[in-house]
Structure formats: C-alpha cells, structure tokens
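>>> generate a structure from the sequence data that follows.
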Amino acid sequence: MPIHASRVRHLGAVLGTIGLLCAASAQADRFEAIRERIRAGLVDKSIPSIAVTVVQDGKIVWEQGFGWADREQRIPANEHTVYSLASVSKPMTGTGLMTLVQAGKIDLERPINDYLGAAKLRARVGDATLATVRRVANHSSGLPDHWQFFYADEPYRQPSIDLTILRYGNLVTAPGETFNYTNLGYGILDHVISRASGRSFTDFMRQEVFLPLGMTRSSVGLAPALRPYAATRYGTDGLPLPDYTSNHPGASAVYSSVHDMARFALFHLQAHLADQKAILSDASLDEMQRSTTDRGAGFGYGVGFESSRVHGYRMVHHSGGMDGVATNMMLFPDQRLGIVVLQNSRAHTDPSIAELITHEMLPGWPLVDWADRPSSATPYQTPPRLRGSWKGVLATYVAEVPLELSFTAHDTVQVRLGGQLATLVSQPHFQDESFSGDFKSRIGTPDTDQYDYTISLSLKLRGNVLNGAATAIQTHPVRGRAALSHWVELERH
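Numbering: from 1, shown residues only. Next up is the predicted model:
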C-alpha cells in the first residue's frame, strides 16, 4: 500500500524531532554527574543556590539553576535568576570603558587625573601623571587595597566618589611598579565613564552595554524591575543579608543572570549572536584580554579581565566574592568555551564546580582537590637590613599619627601607633623587599572608628625608608564592611 506524501513529511518531522531530543538528551547526560555534585553540595554545605552556564562554539550548551533563590519565600533558582556578581562586575565595567575608548572619548594612555574633577589621585611615591587609565584598569596605578560597604539597616551612608578620592586616593607604590588589586580603581573608572559620557554609570551601562548585548536581566545595582527575580544574598550565618551598597560600583555592583552572562561570554569569545550589537570591535575585545601587568605565578591583567595560561590553555577570567556572593567566569578563547558559576552565599563556596565543568569540557584539564592544597607559608625570619627601629607616620585624612616598628633579633616585630601601648605584629612576612603583618590598634578616623578592625601593613623597603599602606580591615563574623588604606612612611633610626 503506497504511503501518502503528507505522511512521509510527518514521519520525517517526527524523526527529526526525535533526533533533536536525543542530541539534547546526550548533551544533558554529559553534565549529569556535575548536577549531582551540585545538588549534594547544596545539602552538605547548606548553600542556598547555584546557577551555571556553559557556552561553546557560539551557543549555550547548558544553563541551569539549583536550590533556592529565596529560601524564605521558596523561590527556586533558574537560569534567569538575577545574582549579585561582586568582582565579576569588573569585566562589565571594562567593556563600558572600552566603548568610550573606541569612540575616542577616553585614551587608555592618558593620566586618569585628566578625566577627574577637583578630586585627584595623589602620588605618595612616583609621579601621578604616570597613573594612566590603563594602569588603573590593570591594577598597577599604585592604588592600595580598598573596599567599603554600606548596609541599609545601619546609619552610615555612601560618600561621594570625590570625597572617597580625597580620603583614599593615595598612590602608595609608583605607577607601573607593581600589581595591587584594588576596588577603588574600578570605582574611579565608573566615575570616569560617567563624566566622559555625560550620563550616570547605571544608565550608561544599561543603554550602551546591557541592552545592546541582549542582557535584559542585568543592571548596575538591583534595578526595581529586576527585584522580583533576584537571588537573596545570605550571610555566613545562613540568614538573609540586608541590602548594601558600596563606594565602588564599577568594581562590585553589577547584577546579572547566568543566561545574560552566557550572552556576555559569547560576545567576548567573539561568537557574536545575530541579535547583539557590535558595541566593540574584535580588536577592542582582544585589547581587553591582553595582559599589560604581571600579577605573578603566570597571571596577568588587562582591562577588566585576568589572563593566564593554565594546564596548557589560554584562559581569560574573573572571580568575585563578597557578603552573600561567590562568582566565577572562565573564558577559553582558543576553544570558544565559556563557563560561569554564580552563588548567593560565600559561607561554603565550592570552586571545584567550575573546575569540574572545565575538566569535562577540556581534554587534559586535571581535577584539583582544593582542600588538600599545601600551604606556601614559610617561617618568618627578620633580615639583618630590617633589624632595629623604624619611625615615621601613618597619615590619615584627619591627621598624621606617629608610628614605630621595632624589628628584633628574635624574629619578633613590635609596633606602636600614636600614644597607644606597643603590641606585637602577627603573621610577619618579608619577601621581595616587601614587609607585611597585622596588628590591633586604633587609627582614629570617623570611617575606621565605626567598627572593630585589624590593621594590615604592606610596606616596601627602599634603602633606609619603609613605605606603603596600613589598611584598616574591619572585622565582623557576618558583615565585611571595609578595608581602608592609609599612607605610611618610616625611616630607620
């Protein structure tokens, strides 16, 4: 009996659909062991939720959310859940910056001060004109450690960026001398973007980066329209954290979903989607990924991206972590592969999830047991050239406070700040002519006096001078509020 042509077409459509389903099922099965690892980790480590995406060869091959975006409301996470990105915001800010570079409104090689208002960066070492836009972007400008967060249920409010620059915009190493990761640099860059574009950073990023790339669930800060889709940030105690902001939005304030992050990754892998606007040329994308400073151990930094060669693969990446947030983005341009993992708690982060996915996707990528990594710490010994007494000042925006360090022959270090009692420096370390260590004391500024804190020293030996930063890192079991750096200069006595 002859088969009618319409039945043949129907049969072909059915077989084609079955083929697509089988292919999708095979692709899904590829990640099943990782899914089980994630599900087990949510229970074993009490992680609220994890969302992942994998892109390769110009398409999304896996995107999925696990656990609760909001435990109390029983809202499950999915690929469109909006997560706080922490420092994965920096590649976003770098992308916005490069659109203005490409348009001729910003020059990466000009001093950053040329783009600032009345508040300028101040060189404590070296020449401030050498602190270029590029060096701020690649963390080699000389700016020290800095982060500062402001919780909605506390009385302290975010200062203006000009006031922040006046208080903390000190170059404590010479521009170009060394890599020093700092959120303040990207807070300054978002200010530069706003000044150069004539728009708020929030509006600029939405109009010039997110919408052109089809990232409809992305914003600087949590946009009101996205709030119903946002993952609650949970503290180390497992409780929801209040909303908080920072004085460095370009470093840490972007929100996005893994679906949007997949689109962002594809754009930076130069696998441009048909509905994406080419906001940057491939040459500009390459420039972002090109390492222009060395952070050691084979890692470099470009404009918003770290770059390295790991296990034989060129990797362009960034990770992030702050209260209620742990994030990771890994791009492998030569393999046209991108991996993003987002989490709404940092209490029990699981960096091995990204490693497991990479192991699955890249031949020869080994699995690393993070818990068994050996410590690289070595016993401290005071070198002869440090022994003795060093006296000088710790300079704040309020006053210069006398500071003295005493290095003994018994490998102990004592510190005295102002008229306070002398105390021991804990965890002293000296390497590559740099001394570091921590101690408890009071600096005496309105910013630092808000909370308890530890002072962390990072000083460079320059002949008979020790200079660098004393960073007041405010401590709290759940809320990490600030790391505020101050200039220190000591002379041998």
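
>>> what's the nearest residue to the spatially most central residue of the chain if we skip its chain neighbours?
The centre of the chain sits closest to Ser87, judged by C-alpha atoms, centre = their mean, with a distance of 2.3 Å. Leaving aside its sequence neighbours, Ser87 sits nearest to Gly320 (C-beta to C-beta, 6 or more residues apart in numbering; 3.5 Å). In this view, the C-beta of every residue, glycine as well, is placed from N, C-alpha and C.

>>> and if you look at Phe299?
In space, Phe299 is closest to Ser308, 4.5 Å off (C-beta to C-beta, 6+ apart).

>>> for that neighbour, phi and psi?
Backbone torsions for Ser308, taken as degrees, to the nearest 10, come to phi -160, psi 170.

>>> so it touches Tyr301, yeah?
No. Assessed by C-beta atoms under 8 Å, Ser308 is found out of contact with Tyr301, at 9.6 Å.

>>> look at the two and report which has more neighbours.
Shown here are Ser308 and Tyr301; by other C-beta atoms under 10 Å, Tyr301 has more neighbours (23 against 16).

>>> ok, so what distance separates the more buried one from Lys59?
From Tyr301 across to Lys59, the span is 29 Å (C-beta to C-beta, to the nearest Å).

>>> what about stretch 457-477, average pLDDT?
Averaging pLDDT along stretch 457-477 yields 95.

>>> pull out the buried positions in it.
Neighbour counts over stretch 457-477 (16 or more other C-beta atoms under 10 Å) mark 457-461, 466-474 as buried.

>>> same deal with stretch 104-121?
So for stretch 104-121, counting by 16+ other C-beta under 10 Å, buried means Ile106, Leu108, Pro111, Ile112, Asn113, Tyr115, Leu116, Ala119, Lys120, Leu121.

>>> so which of those residues comes closest to Thr448?
Distance to Thr448 across the buried residues of stretch 104-121 (C-beta to C-beta) is lowest for Ala119, with 20.1 Å.

>>> I figured that closest one hits Leu163, correct?
Yes. Between Ala119 and Leu163 there is a contact under C-beta under 8 Å: 7.5 Å.

>>> residue contacts, the residue nearest to Phe299?
Gly298, Phe299, Gly300, Arg314, Met315, His317 (C-beta atoms under 8 Å, 6 or more residues apart in numbering).

>>> nearest to Pro446 among those residues?
Distances from Pro446 to the contacts of Ser308, taken by C-beta to C-beta, are shortest for Phe299, at 36.7 Å.

>>> so who does that closest one touch?
By C-beta under 8 Å, 6+ apart, the residues touching Phe299 are Glu306, Ser307, Ser308.

>>> swap in 10 Å and give it another go.
Neighbouring residues of Phe299 by C-beta atoms under 10 Å, 6 or more residues apart in numbering: Phe179, Ser291, Thr293, Glu306, Ser307, Ser308, Arg309, Val310, Met315, His317.

>>> give the helix, strand or coil label for the second one.
This means Ser291. coil (DSSP: H, G, I helix; E, B strand; the rest coil).

>>> which residues does it contact?
Ser291 touches Asn138, Gly298, Phe299, Gly300, Tyr301, Gly302, Phe305, Glu306, Ser307, Ser308, Val316, counting by C-beta under 10 Å, 6+ apart.

>>> sec struct for the closest residue to it other than its chain neighbours, please.
In space, and not counting its chain neighbours, Ser291 is closest to Gly300: 2.7 Å by C-beta to C-beta, 6+ apart. Following three-state DSSP, the label given to Gly300 is strand.

>>> who's in contact with Gly300?
Applying C-beta under 10 Å, 6+ apart, we find Gly300 in contact with Asn138, Phe179, Gln289, Arg290, Ser291, Thr292, Thr293, Asp294, Glu306, Ser307, Ser308, Arg309.

>>> quick check on these: which are buried?
Asn138, Phe179, Gln289, Ser291, Thr292, Thr293, Glu306, Ser307, Ser308.

>>> re earlier: quick check: bridge partners of the residue nearest to Phe299?
Taking DSSP bridges as the rule, Ser308 bridges to Phe299, Met315.

>>> and the nearest residue to Glu109 once chain neighbours are set aside, what does it touch?
Excluding its sequence neighbours, the residue lying closest to Glu109 (C-beta to C-beta, 6+ apart) is Thr132, at 5.4 Å. By C-beta under 10 Å, 6+ apart, the contact set of Thr132 is 107-114, 138, 140-141, 175-176.

>>> so what's Thr132 bridging to?
Going by DSSP bridges, Thr132 forms beta bridges with Pro111.

>>> separation between it and Leu108?
According to C-beta to C-beta, Thr132 and Leu108 sit 7 Å apart.

>>> pLDDT of stretch 261-274, averaged?
pLDDT averaged over stretch 261-274 gives 97.

>>> any buried residues in it, and which?
If you call a residue buried by 16+ other C-beta under 10 Å, then stretch 261-274 has these buried ones: Met261, Ala262, Arg263, Phe264, Ala265, Leu266, Phe267, His268, Leu269, Ala271, His272.

>>> rewinding a little: can you list the buried residues of stretch 104-121 in TSV and add secondary structure, pLDDT and distance to Gly185?
Output for the buried residues of stretch 104-121, formatted as TSV (DSSP: H, G, I helix; E, B strand; the rest coil; pLDDT from 0 to 100; distance: C-beta to C-beta, whole Å):
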residue	secondary structure	pLDDT	distance to Gly185
Ile106	coil	98	15
Leu108	coil	98	13
Pro111	strand	98	14
Ile112	helix	98	9
Asn113	helix	98	13
Tyr115	helix	98	13
Leu116	coil	98	12
Ala119	coil	97	14
Lys120	coil	98	14
Leu121	coil	98	10
